[in-house]
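S.K.: predicted coordinates and the sequence they were generated for:
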Amino acid sequence: MAPAESGSGQPVTERIYSYYPGCSLHATAREYDVSTRLVCQKLGVELRELEDWVCCGASAAHSTDHLLSLALPAHTLKQAEEKGLPLAVPCAMCYSRLRFALHELQNKDTLDLVSRTIGKELSTAVTVKHMLQVLADEDIPLPIVKPLSGLKVACYYGCLLVRPPEVVGFDDAEDPQTMDHLMERLGAEAIDWGLKTNCCGAGVAFARLDVVLKLSHRILSLAQKSGADCVAVACPMCHANLDMYQKDMTVKLGWKTELPVLYFTQLMGLSLGFSPKELLLDKHITNPLPMLREKKLA
Amino acid sequence: MSRIGVFVCHCGTNIGGVVNVPEVVEAARHMPLVAYADENKYTCSEVGQASIRDAIREQRLDRVVIASCSPRMHENTFRRTVAAAGLNPYLLEISNIREHCSWVHSDSKDATAKAIDLVSMAVAKVARHESLFPKQVGLTKRALIIGGGITGIQAALDIASAGHEVVLVEKEPSIGGRMSQLDKTFPTLDCSACILTPKMVDVAQHPNITLLTYSEVKEVRGFVGNFEVDILKKAKMVDYVKCTGCGTCWQACPERIPSEFDMGLGSRPAIYIPFAQAVPNKPVIDIANCRYEKYLKWKETEEGPEPPQCRICEGVCPTEAIDRSQKDEIITEKFGAVVVTTGFKTFDHSVYGEYGGGRYPDVISSLELERLMSAAGPTGGEVLRPSDGSHPKNVVFIQCVGSRDDKVGRPYCSKVCCMYTAKHAIMLREHDSEVQCYVFYIDVRAGGKDFEEFARRAQDETGALYLRGRVSQIYQEGKNLKVMGEDSLIGRPVEIEADLVVLATGMEPSDNADLIAQKLNISYNTYNFLIEAHPKLRPVETQTDGIFVAGTCVGPRDIPDCVAHGGAAAAKVVALLSQDSLTTDPLTSIIDPMKCVGCFACKEVCPFNAIEEQITRDKRTIASINESLCKGCGLCIVACRPGAINLRGFTSQQLLSEVLTLVRG
């Protein structure tokens, strides 16, 4: 963690992180990357993207080879270690893989094996934080331009961010509050609902779309029944499943409406004064703009 | 010069099959001071014992070695044997050539050599034995029972009926314990209150029982037969001599506090009896919540807004029994025996985040359901949902909440949950014939008289659906709860829309069970359940003489087991108290007052509080052993830096001569 005068009320001058966007944020989840960078810039959080990061391995690596699933994140962790800065990770899957690697590397034999594999001497001294943890820090003042008043947000954390608790060490695995508190600081109402950490179906979409439709539909319909205007997410995979398949849900499951799914950084960006255009809010499949206009937020 | 007799036992083929017994006998004959050696097929038989008695008389033996099984098996038997022949019973040494030799070796030659070594050590030791004499101490013929649940009630009644005085201490304002909170009992569906309250009244009316409710045990000193106990009597603020229990005060009190007895589902006033059939049927004032007491507290500092004065109870009491001058009081009483029956509480299910962590009002514990079913409960016996007061139709039960779950640190089975859930399923159907029950279970454990039949009845007659599997998640959807689980028998996930979810919360010991155990110097396990002296053969005794344990403070058990357990503890207490004096074992530590420097390192390590301070005639403070408390464990001996302590029967000199014999060959 960079030196921070936490709790003193003084503006924090130095919050510098190594930044590991991961593959998604350079491709399908570009709006997450863009909004994250804008928000960080505004809040004085400096992100320095690692020069030579590689894919975390996602579900492909750990389902084929255990060593590979550790070596890929280890390569990235080594770079972060060399920079001597804490590592900020916006993607929940990347976060999970990096934390898993750190957890496994606590074992000396595993550490030696992985070090030999990547050809570099590893340590486990690096701090890995999810972007939500970085930005939800209550010591960072929020210069709010447009409070999100009247907006009911269903904060959706998904499974990878919070589980397994002993590995990721992120909030309460059944009823996390980090994003809820952040949304309330922005002036929105974080609704209380029961599927915050249920699985959206993740990568099963490629093989069994029906399963993903069922799981994601359950999440969306409970969010809607609970009165949400939109769902806020912190994971590109969750976003894809919840945002992209709403039309299929209409056809196959009788999903009668639309529920916008936004990255939490986009909602932060809105309240910090960025335009929907800057935040790439027009990139979503389920268009959030009519709802945001109705709430006078766009 | 000693004349030592050595008797080697064949124990059938147990010893004789491996060890060459005649060879051992022959070797013994040549050992120093041995005047006589012989062998026996079964030394413990009457014939064997008689041969020892005869040999002692005929050979004028003054010390005896018996080479046989473990001293744990027959030492006391053989002590009586030598005593019958006129020897002091402690001039005997047992050499264990069965468990320590024949049972663990197969090579006859080596085993025989080892047996000879063992016997020669015993001969060397017994040569240094001295006559030891047990002491007699008096005892107080009075029993203390800590905890007034069904177990404590049963123990109190049984001891009192045998003619001994009993003091029953209960921390709540009424006796009755958890059983008084139950609606009905399995497998007979007896009304719990109907079978319990007559016993509670018997306790109150028994001439030999003194009831101390709203009281706690603070400190325990002394030893078996002679305990001295400090008991805190909390101020009730009501004069029980004047009070008639008419109820005017608790009806008039304007304060409402969540009722502990109703698991917070109902409320009670600040001056209250916990439930209608409470014994004693006289109220206490809950000082923390009484309006006038709060006013008095405010008056001391006058900080913040002035709370209203009240004193309505004082105004309405027809006998002027409210006595605000009462203070907490500590009394000291003497007892010969103590029975601990501190009972259990139910597991706090809020640690289960997947079941809502206590956030959903319609996810309740089984004890809460008991209160909802009880005609004397907060809803008058109508089962109504806490959230909106509607009648639940789909009810899901989840078994093993805080039982058989390593994840929450409760790997043990709570034993009663399968049965009370079957009872709930049957009862709910009786309350409302449209109710459909679903039970998620791991195994249905129905071991007990008429239990299996009862559990089947829940499934077959009332149509409760038993689903083998765990529930992974409960969440609120609209007014109802969605229960996501697994039916492992069909291997598929299941989802149930429930109006009410009942968690079969397991048993754990009452708060402060560990502190009470520490005060009494008895052991408890990692869950704070008290540990009995032997789980099978000494189930109500503890390692501390005179302290007995019974009921659910020892481990999960049901009502019939608790009653049997309470009765068993009572029988042990009665046996103890019916003696006129107690004989103490002479195998205790002994301190040489000339060597003791008074460092009290021994006191630090003594697990039995047997070390006392003593001032010598030359004004030195030294340690001395309370022989009634000492168990002869020997810890103090190794802790003693000047080597002032010895253990009778196992003195350093005796042990050293054993070692010397062995190393010299």
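M.R.: Thanks, I have the structure now. Residues are numbered from 1 along each chain as shown, chains lettered A, B, ... in the order given.

S.K.: can you give me phi and psi for the residue of the stretch 301-450 of chain B found nearest chain A?
M.R.: Going by Cβ to the nearest Cβ, chain A is nearest to B:Gly353 of the stretch 301-450 of chain B, at 2.9 Å. Placement of C-beta: from N, CA and C, glycine included. According to degrees, to the nearest 10, the main-chain angles of B:Gly353 amount to phi -60, psi -30.

S.K.: neighbours of B:Asp388, how many?
M.R.: Neighbours of B:Asp388 under the rule other Cβ atoms under 10 Å in any protein chain shown: 10.

S.K.: show me the strands in the stretch 251-400 of chain B, by range?
M.R.: Taking DSSP state E, counting those that start in this stretch to define them, one finds strands in the stretch 251-400 of chain B at B:257-258, B:267-268, B:271-272, B:284-285, B:329-335, B:337-340, B:344-346, B:363-365, B:394-401.

S.K.: so which residues make contact with the third one?
M.R.: With contact meaning Cβ atoms under 8 Å, 6 or more residues apart in numbering or on different chains, strand B:271-272 is reached by B:173, B:237-238, B:249-250, B:253, B:283-286, B:290, B:313, B:322.

S.K.: quick one: B:Cys11 and B:Asn96 touch, right?
M.R.: No - in this structure B:Cys11 lies outside contact range of B:Asn96 using Cβ atoms under 8 Å: 11.2 Å.

S.K.: shared neighbours of those two, anything?
M.R.: Any residue near both B:Cys11 and B:Asn96 by Cβ under 8 Å, 6+ apart counts here, and that gives B:Ser68, B:Cys69.

S.K.: need the contact list for the residue in the stretch 151-300 of chain B positioned nearest to chain A.
M.R.: At 21.2 Å from chain A, B:Gly264 is the closest residue in the stretch 151-300 of chain B, using Cβ to the nearest Cβ. With contacts defined as Cβ under 8 Å, 6+ apart, the neighbours of B:Gly264 are B:Pro258.

S.K.: quick check: pLDDT value at the residue nearest the centre of chain A.
M.R.: Nearest to the geometric centre of chain A sits A:Ala234, at 2.7 Å (Cα atoms, centre = their mean). The per-residue pLDDT reported for A:Ala234 equals 97.

S.K.: excluding chain neighbours, what is closest to it?
M.R.: Take A:Ala234 and drop its neighbours on the chain: the residue closest to it by Cβ to Cβ, 6 or more residues apart in numbering or on different chains is A:Leu132, 4.7 Å away.

S.K.: now do the SS call for the one you found.
M.R.: What DSSP: H, G, I helix; E, B strand; the rest coil gives for A:Leu132 is helix.

S.K.: that one - how many residues pack around it?
M.R.: Counted with other Cβ under 10 Å, residues neighbouring A:Leu132 total 28.

S.K.: try B:Ala204
M.R.: 14.

S.K.: ok now stretch B:19-32, how far from the chain's centre?
M.R.: With Cα atoms, centre = their mean, to the nearest Å as the basis, stretch B:19-32 stands 48 Å off its chain's centre.

S.K.: contacts for it, please.
M.R.: If you take Cβ under 8 Å, 6+ apart as the criterion, stretch B:19-32 is touched by B:4, B:6, B:8-10, B:15, B:34, B:37-39, B:65, B:67, B:97, B:101-102, B:108, B:111-112, B:115-116, B:119-120, B:123-124, B:127.

S.K.: just the buried ones out of the residues you listed, please.
M.R.: B:4, B:6, B:8-10, B:15, B:34, B:37-39, B:65, B:67, B:97, B:101-102, B:111-112, B:115-116, B:119-120, B:123-124, B:127 (16 or more other Cβ atoms under 10 Å in any protein chain shown).

S.K.: next step: these restricted to strands.
M.R.: Counted as lying in strands by DSSP state E, out of those, are B:Ile4, B:Val6, B:Val8, B:Cys9, B:Val34, B:Ala37, B:Asp38, B:Glu39, B:Val65, B:Ala67.
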